[in-house]
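>>> Structure for the following, please:
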Amino acid sequence: MNAVYRGPMDLPKVIPVFPLPGALLLPRGQMPLNIFEPRYLALVDDSFRDGHRLIGMIQPDPAHPGTEEKPALFKIGCVGRITQLAETGDGRYHLQLTGIARYHITEELEVATAYRQCRVDFVPFTKDFTARLGEEAVDREALLEALSAFLKANNLKTDWDGIENAPNEALVNALAMMSPYDAAEKQALLEAPDLKTRAEILIAATQFELAKKSTGGETPLQ
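Below is the predicted model of the structure:
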């Protein structure tokens with residue numbers, strides 16, 4: 001990513017948003033996207049035309065569904081910059097977003113574009129602009145134990161060499177982004193105030209899922 005963002009003032013106050021259930025983007029995380037809807041193809045084209053190459057990822061809020069065409073949104077998302085783009089030849093884009101910082105939606109604007117645009121505030125998340133902040137507080141051993149148990153319970157394999165060599169921020173955020181949890185849990189991971197808390201939420205969610213699996217799908221309290 002060639003652009004450098006040192007703080008909230010380096011980002012625009014209005015950004016296009018892409019509501020996508022289950023999609024969790026975190027600062028410095030990388031998210032692949034397959035773009036095929038006309039409104040989001042237009043979003044990508046406009047982001048290059050305007051020069052910012054930014055997309056604000058956000059989850060629809062299932063507790064307040066709104067309409068199919070315009071679902072209600074959670075108030076906190078994460079903006080990413082398009083750092084890779086490929087045309088497929090059949091009218092789609094394959095792109096990669098690299099997360100920059102989280103934002104709080106202050107207002108959704110009435111716009112002429114088919115895609116939605118929001119006025120946002122990055123100031124509450126100023127710490128997102130500092131890479132690897134709070135890594136030393138993460139309980140890496142507990143995180144890896146939870147991951148190992150989850151993989152074993154689901155007969156999955158992973159690249160342990162890559163995991164063991166990953167810095168704590170990259171490890172926590174990559175595992176959070178790849179986690180198979182529902183919208184509320186994904187949002188809790190996104191809104192965690194620091195890396196330590198995000199890791200703790202991830203561990204707790206994983207342990208809960210393992211306990212539920214061991215009881216045949218019932219929650220541990222049933």
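
>>> what ranges do the strands span in this protein?
14-19, 30-35, 54-58, 76-87, 93-108, 116-121 (DSSP state E).

>>> what about the lowest-mean-pLDDT helix or strand in the chain, distance to the chain center?
Taking mean pLDDT, DSSP states H and E as the measure, the chain has helix 160-165 as its least confident helix or strand, at a mean of 90. Distance, stretch centre to chain centre, for helix 160-165: 22 Å (C-alpha atoms, centre = their mean, to the nearest Å).

>>> Which residues belonging to that helix are considered buried?
Using 16 or more other C-beta atoms under 10 Å as the test for burial, helix 160-165 gives residue 163. Every C-beta, even on glycine, is put in place using the N, C-alpha and C of the backbone.

>>> which residues sit against that helix?
For helix 160-165, the surrounding residues in contact (C-beta atoms under 8 Å, 6 or more residues apart in numbering) are 144, 147, 171.

>>> Among those residues, which one has the most neighbours?
residue 171 (22 neighbours; other C-beta atoms under 10 Å).

>>> Please name the residues that touch that one.
140, 143, 163.

>>> Quick check: the first one touching residue 170?
So the one you mean is residue 140. No. At 11.8 Å, residue 140 does not count as touching residue 170 under the criterion of C-beta atoms under 8 Å.

>>> Which residue of the two possesses the greater neighbour count?
A side-by-side neighbour count of residue 140 and residue 170, using other C-beta under 10 Å, places residue 170 first with 19 against 16.

>>> wait, what's in contact with the more buried one?
The contact partners of residue 170, by C-beta under 8 Å, 6+ apart, come to residue 28.

>>> Quick check: the gap between it and residue 164.
As judged by C-beta to C-beta, to the nearest Å, residue 170 and residue 164 stand 12 Å apart.

>>> Residue 60 now?
As judged by C-beta to C-beta, residue 60 and residue 164 stand 36 Å apart.

>>> all helices for this protein, in order.
Using DSSP state H, the helices of the chain run over 38-50, 140-153, 160-165, 168-178, 183-191, 195-214.

>>> Residue nearest the middle of the chain, spatially speaking?
Centroid-nearest residue in the chain, with C-alpha atoms, centre = their mean: residue 25, separated by 1.7 Å.

>>> just checking, it touches residue 100?
No. Judged on C-beta under 8 Å, residue 25 makes no contact with residue 100 at a distance of 9.1 Å.

>>> what do the two both touch?
Looking at what touches both residue 25 and residue 100 (by C-beta under 8 Å, 6+ apart), the common residues are 78, 80.

>>> Who are the contact partners of the closest residue to residue 129 other than its chain neighbours?
Leaving aside its sequence neighbours, residue 129 sits nearest to residue 7 (C-beta to C-beta, 6 or more residues apart in numbering; 5.3 Å). Counting by C-beta under 8 Å, 6+ apart, residue 7 touches 122, 126, 129.

>>> Mind pulling the model confidence for residue 7?
You'll see residue 7 listed with a pLDDT of 97.

>>> What separation is there between the spatially closest residue to residue 94 that is not a sequence neighbour and residue 56?
Distances taken as C-beta to C-beta, 6+ apart place residue 86 nearest to residue 94, at 4.6 Å, with adjacent residues excluded. Distance, residue 86 to residue 56, by C-beta to C-beta: 22 Å.
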